[in-house]
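Undergrad: Return a 3D structure for these sequence lines:
(one chain, ligands or ions: 1)
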Amino acid sequence: MARRKYVVGNWKMNGLAAALGEAEAIFAAAREHGTVDVALCPPFTLIGPMIAAAPGAAVGGQDCHSAASGAFTGSVAAPMLRDIGAVLVIVGHSERRDGCGESDADVKAKAEAALSAGLSVILCVGEPRDVRESGRAIDHVLAQVAGSLPATFDPSRLAIAYEPIWAIGTGLVPTIADVAAMHGAIRAKLAEQAGAAAAQDMRILYGGSVNAENAAELLDAGDVDGALVGGASLTAAKFVPIIAAGASL
Ligand code: 13P
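TA: Take a look at the predicted model:
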């Protein structure tokens, strides 16, 4: 089965109610480009309003707790995301692995909780700059995949996002050859862990300084099935061309 391109916006800690018009415009454009799957992950506070503003659109969270409920002040559980209408969640973003001390085991537990709650998952991996420069990027990322992949899963509901940390928000991107090599290595690892058929169905997204200018080339690279976009997903003017690039492939 051919994998449909998947273009996902991660709004991070950006967006007040005034930004909902951008989401409406983005999802309206997504409907025009029906060959590509599009989702937005706004802050928790905007998930409900965004679904109300764009009924039927794929809206998700940027994190969830691994427990279904309990005494975890400030956290949001996967069933709560599902309850409000979210259909997906990002887990293991480097800003949470590094900023909040999340381990591979934590990320695995979150991914399993999200799948159990009926959400789709985008599981992030990626190496820091010193690891890339020392030539150990592929080993580092494959260890993250091995350590954070859920024990069992439906491959149609789990995507991997490769986001080199040094490329996030910096304007730097790896070469197309490096992206293709990493994505190919991730797919081979997924085949080893989950079987060849599952690995063939799973989408592997690239993230890190994707913009209107570089999107087509990145999305067309070997084993790249989509993009996880930060800064350039905040406005329709910047995000719609990336959606269009995905739809044209
Ligand atoms: P930028 O697109 O702003 O580099 O962010 C990438 C990212 O971290 C998406 O999750």
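
Undergrad: element containing the spatially most central residue of the chain?
TA: If you average the C-alpha coordinates of the chain and look for the closest C-alpha using CA atoms, centre = their mean, you land on Ile122, 4.3 Å from that point. Secondary structure from DSSP states H and E places Ile122 in strand 120-125.

Undergrad: Spell out which residues of this structure are next to the ligand.
TA: Taking CB under 6 Å from any ligand atom as the criterion, the neighbours of the ligand within the chain are 10, 93, 163, 168-169, 207-210, 228-232. For glycine as for every other residue, the C-beta is placed from the backbone atoms N, C-alpha and C.

Undergrad: Would you point out which residue of the chain is nearest the ligand?
TA: At 2.3 Å from the ligand, Gly230 is the closest residue in the chain, using CB to the nearest ligand atom.

Undergrad: And the helices in the chain, which stretches?
TA: Per DSSP state H, the chain has helices spanning 20-32, 44-53, 78-84, 94-97, 104-116, 129-133, 137-148, 176-194, 196-201, 215-219, 236-247. These are given in chain order.

Undergrad: The second one packs against which elements?
TA: The reference is to helix 44-53. Using 3 or more CB pairs under 8 Å, 6 or more residues apart in numbering; DSSP states H and E as the contact criterion, the elements in contact with helix 44-53 are helix 20-32, strand 58-61, helix 78-84.

Undergrad: send the alpha carbons of the shortest one over as CSV?
TA: Extracted C-alpha coordinates of strand 58-61, given in CSV (Å, rounded to 0.1, in the frame of the first residue of the first chain):
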residue,chain,number,x,y,z
ALA,A,58,-7.2,16.2,12.4
VAL,A,59,-6.2,18.1,15.6
GLY,A,60,-3.8,16.7,18.2
GLY,A,61,-1.8,17.2,21.4
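
Undergrad: who does that strand pair up with?
TA: In the sheet, strand 58-61 lines up against strand 37-41 (parallel), strand 88-91 (parallel) (DSSP bridges).

Undergrad: What pLDDT is listed against the residue lying farthest from the centre of the chain?
TA: Distance from the C-alpha centroid of the chain, by CA atoms, centre = their mean, peaks at Ala71 (27.7 Å). Among the per-residue scores, Ala71 holds a pLDDT of 98.

Undergrad: Number the chain from 28, please
TA: Right, with 28 as the first residue, what we last looked at is Ala98.

Undergrad: Ala45 and Leu73, how far apart?
TA: In this structure, Ala45 and Leu73 are 10 Å apart, going by CB to CB, to the nearest Å.

Undergrad: who's more crowded, the two?
TA: Regarding Ala45 and Leu73, a neighbour count based on other CB atoms under 10 Å identifies Leu73 as having more, with 21 against 7.

Undergrad: got a pLDDT number for Met28?
TA: Met28 carries a pLDDT value of 56.
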